[in-house]
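Student: Task: produce atomic coordinates for the following.
(chains A, B, C and D)
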Number of protein chains: 2
Amino acid sequence: MRKPFRVAQFESREEAIIEATNRLLATRGYELMSMDDIAAEVGIAKGSLYKHFESKEALAGAVMVRLLRRTRLALEAQPAHLDARAHLEALLRWTLRERLAGGVPHLPSASQSLRDSLLANHDYMDELMTLSESIGTLIQKAKADGGLRADLRDEFVLYTFYARSCDPTLDFLKAAGSMSDDEIVDQMVSACFRGLAG
Amino acid sequence: MRKPFRVAQFESREEAIIEATNRLLATRGYELMSMDDIAAEVGIAKGSLYKHFESKEALAGAVMVRLLRRTRLALEAQPAHLDARAHLEALLRWTLRERLAGGVPHLPSASQSLRDSLLANHDYMDELMTLSESIGTLIQKAKADGGLRADLRDEFVLYTFYARSCDPTLDFLKAAGSMSDDEIVDQMVSACFRGLAG
DNA sequence: GTCTATACTGAGATAGAC
DNA sequence: GTCTATCTCAGTATAGAC
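Tutor: Numbering: from 1, shown residues only, chains lettered A, B, ... in the order given. As a prediction, this is how the structure comes out:
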């Protein structure tokens, strides 16, 4: 049975809200994005936002959940024949390309209250755990077959991986404008895995 | 001729304000630090802050100038016999240790208005240029003598270096608590120069 | 110059009509 | 459910007494 028209419309509006918030988070970041901005971007009244999401933090959480889900799907869609290290490299490439394309929300450290609300957000934490476990497994495999250095702690590698995904170097280079997108991605991935040393 | 007592007192209060702001920036970050917080930390009235600094942004700028100056002095104080690459490594170590000690302000991307005000702040830009030139020279030297990869662009290396100085990986690992400070610094420096790959 | 008190603004959230 | 209008509150900045 098809969804009633009314319900479908409600859901599509909700999707539009998330999409608009995603755009604003990607350009301005959390603090500089106001609920007024979102409402204007979607083309609805500010008060209506609160019928869909109970707070600005909840809205940002929904956007982050979507990002984590897309990341997980991107990982699952990778060719099965790759070895663990190649999976990690490809995932990092995917993330950096997404950022260069401009679609990734930008919550580097953001506010404390936002972090707290994310920690309390079950959907978010579930997605984060799932993704972290997948990546953690890849890290262990890659270490076992010599693709990654065994002397680095697993958690160090995991956090480093996340940090490279939101590395401001990409934004600086993009803003400077003297390197092509491909070159930026290549150098960042290369520097991450092979280092800066000669 | 000695400074008049009154002037000395004024300057020491100003130093106290900068010091307090530094602490607050290091713990809460720019957005979450209010002028009320600063006044309370120093133990003076909020209005009095504006006799010393014309705005919150100017105050943050003064703190950043002090940080850049200290960084430059740390670089200049390094033993002269080091080669270029060792200088870079030592500087990164110094920065990470400072952050672990808790004294470094934390303006990852911060607000747009703050960035604009920093760009318009001559003292800040001067210090930043001076430091960037010193580091740039080291990068070129290190490339020339084989200490750094020659296939990476100078600007890429410079930005990467700055990015590693405020890498959130350090905060994650510190918060997780499972690695000692020394181990955190060692792995971060090692990963920066030698990479993650096995 | 420092204090207390306050004006002004922006932004998150809510109320009530339709 | 959506709209308009409004509340509330925090935070920057300023005024005026001392």
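Student: When you work out contacts or count neighbours from here on, use the C-alpha atoms and nothing else.
Tutor: Will do.
Student: Run through the residues that contact the spatially most central residue of chain A.
Tutor: Centroid-nearest residue in chain A: A:L67, 4.7 Å away (criterion: C-alpha atoms, centre = their mean). Going by C-alpha atoms under 8 Å, 6 or more residues apart in numbering or on different chains, A:L67 touches A:V104.
Student: Which helix or which strand is home to it?
Tutor: Per DSSP states H and E: A:L67 is located in helix A:56-76.
Student: Quick one: list the elements packing against the next helix-or-strand element following that helix.
Tutor: As assigned by DSSP H and E, the chain's next helix or strand after helix A:56-76 is helix A:84-101. For helix A:84-101, the elements it packs on are helix A:56-76, helix A:122-144, helix A:154-165, helix A:168-176, helix A:181-194, judged by 3 or more C-alpha pairs under 8 Å, 6 or more residues apart in numbering or on different chains; DSSP states H and E.
Student: looking at those, which is closest to B:D36?
Tutor: Among the helices and strands packed on helix A:84-101, the nearest to B:D36 by C-alpha to C-alpha is helix A:56-76 (24.4 Å).
Student: quick check, the helix or strand bottoming out on mean pLDDT in chain A touching DNA strand D?
Tutor: In chain A, no helix or strand scores lower on mean pLDDT, DSSP states H and E than helix A:112-119, which sits at a mean of 86. No. Helix A:112-119 lies out of reach of DNA strand D by C-alpha under 7 Å from any atom of the strand, never closer than 11.2 Å.
Student: that older thread, which among the helices and strands packed on helix A:84-101 is found nearest to B:L100?
Tutor: Short answer: helix A:154-165, nearest of these by C-alpha to C-alpha, at 15.6 Å.
Student: For chain A, which residues are neighbours of DNA strand D?
Tutor: Counting by C-alpha under 7 Å from any atom of the strand, chain A sits next to DNA strand D at A:10, A:13, A:43-49, A:51-52.
Student: So which of those residues is surrounded by the most neighbours?
Tutor: A:L49 (21 neighbours; other C-alpha atoms under 10 Å in any protein chain shown).
Student: which other helices and strands contact the strand or helix carrying that one?
Tutor: Per DSSP H and E: A:L49 is located in helix A:46-52. Applying 3+ C-alpha pairs under 8 Å, 6+ apart, one finds that helix A:46-52 contacts helix A:35-42.
Student: before we move on, back to that, can you lay out the helices and strands packed on helix A:84-101 as JSON lines showing mean pLDDT and distance to B:G177?
Tutor: Formatted as JSON lines, the helices and strands packed on helix A:84-101 follow (pLDDT from 0 to 100; distance: least, C-alpha to C-alpha, whole Å):
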{"stretch": "helix A:56-76", "mean pLDDT": "96", "distance to B:G177": "25"}
{"stretch": "helix A:122-144", "mean pLDDT": "97", "distance to B:G177": "18"}
{"stretch": "helix A:154-165", "mean pLDDT": "97", "distance to B:G177": "11"}
{"stretch": "helix A:168-176", "mean pLDDT": "95", "distance to B:G177": "25"}
{"stretch": "helix A:181-194", "mean pLDDT": "98", "distance to B:G177": "24"}
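Student: Any chance of JSON lines for those helices, columns distance to DNA strand C?
Tutor: Formatted as JSON lines, the helices and strands packed on helix A:84-101 follow (distance: least, C-alpha to the nearest atom of the strand, whole Å):
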{"stretch": "helix A:56-76", "distance to DNA strand C": "4"}
{"stretch": "helix A:122-144", "distance to DNA strand C": "18"}
{"stretch": "helix A:154-165", "distance to DNA strand C": "25"}
{"stretch": "helix A:168-176", "distance to DNA strand C": "23"}
{"stretch": "helix A:181-194", "distance to DNA strand C": "32"}
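Student: okay, the ones you listed in CSV with distance to A:Y30 next?
Tutor: CSV is the format used below for those (distance: least, C-alpha to C-alpha, whole Å):
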stretch, distance to A:Y30
helix A:56-76, 8
helix A:122-144, 17
helix A:154-165, 18
helix A:168-176, 16
helix A:181-194, 25
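Student: if we can go back for a sec, check the residues of chain A next to DNA strand D one by one and keep those near DNA strand C.
Tutor: Counting by C-alpha under 7 Å from any atom of the strand, A:46-47 from the residues of chain A next to DNA strand D sit close to DNA strand C.
Student: ok, the residues of chain A next to DNA strand D vs A:D37, which is closest?
Tutor: Among the residues of chain A next to DNA strand D, and counting by C-alpha to C-alpha, the member closest to A:D37 is A:K46, at 8.8 Å.
Student: which ones are touching the closest one?
Tutor: A:35-36, A:38-40.
Student: Now list the buried members of these.
Tutor: Buried residues within these, counting neighbours by 16 or more other C-alpha atoms under 10 Å in any protein chain shown: A:35, A:38-39.
Student: Now the helix holding A:L67: buried residues?
Tutor: So for helix A:56-76, counting by 16+ other C-alpha under 10 Å, buried means A:56-69, A:71-72, A:75.
Student: Next: stretch A:94-101.
Tutor: Buried, per 16+ other C-alpha under 10 Å, within stretch A:94-101: A:94-97, A:99-100.
Student: can you list those in TSV and add pLDDT?
Tutor: Below are the buried residues of stretch A:94-101 laid out as TSV (pLDDT from 0 to 100):
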residue	pLDDT
A:W94	98
A:T95	97
A:L96	98
A:R97	98
A:R99	95
A:L100	95
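Student: Which one of the residues you listed is nearest to DNA strand D?
Tutor: A:R99 (30.2 Å; C-alpha to the nearest atom of the strand).
Student: so which of the helices and strands packed on helix A:84-101 gets nearest B:F193?
Tutor: helix A:181-194 (7.9 Å).
Student: which helices and strands sit right next to the closest one?
Tutor: So helix A:181-194, by 3+ C-alpha pairs under 8 Å, 6+ apart, packs with helix A:84-101, helix A:168-176, helix B:181-194.
Student: Columns distance to B:A20 on top of those, output as TSV?
Tutor: Formatted as TSV, the helices and strands packed on helix A:181-194 follow (distance: least, C-alpha to C-alpha, whole Å):
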stretch	distance to B:A20
helix A:84-101	36
helix A:168-176	27
helix B:181-194	24
